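*Asks:* Okay, structure incoming, though there's no sequence with it:
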């Protein structure tokens, strides 16, 4: 026995249509996160190229090599933040707006499922993994430049 479908009024249908279209406001954070991702990639590339230019010009010594390593790791950190922004943009688009069609047409199952985000929890899990790696890289960057001169500083460094 099937239930009769309740009748909807014209006002209710219009209101629901307006609510459904209102989801398009999420295009703003999607586009801005993609721009932010590109910006992070550009900044990271600039950091890497500046280190490479100093190395190739011979402007490095044992004392400033630690700073150069810190800049290399900093560039990697920018790349990771850019990847996190990219995942955020893709995830919000797929969750709220629509599936990304070119990804669905990809021949490889591995690549097709790379950013397959079906729930908000899935998006949070993927972002959390990238953010944790970024935090580890940031900690490594600071540890490289940390000068140990006393026992207390050595204990802090070990902690």
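*Replies:* Thanks, I have it. Here the structure is a predicted model, which is why all the values come from computation and not from measurement.

*Asks:* Without its sequence neighbours, what residue ends up closest to residue 79?
*Replies:* residue 44 (4.5 Å; Cβ to Cβ, 6 or more residues apart in numbering). No exception for glycine: its C-beta is placed from N, CA and C like everyone else's.

*Asks:* and the longest helix for the protein?
*Replies:* Longest helix in the chain by number of residues, with DSSP state H as the criterion: helix 27-57.

*Asks:* Now do that one, average pLDDT.
*Replies:* For helix 27-57, the mean pLDDT works out to 92.

*Asks:* Spell out the secondary structure type for residue 8.
*Replies:* Classification of residue 8 using DSSP: H, G, I helix; E, B strand; the rest coil returns coil.

*Asks:* show me where pLDDT drops low in this structure?
*Replies:* 1-7, 101-116, 144-146, 157-159 (pLDDT under 70).

*Asks:* quick one, strands of it?
*Replies:* For the chain, strands defined by DSSP state E do not occur.
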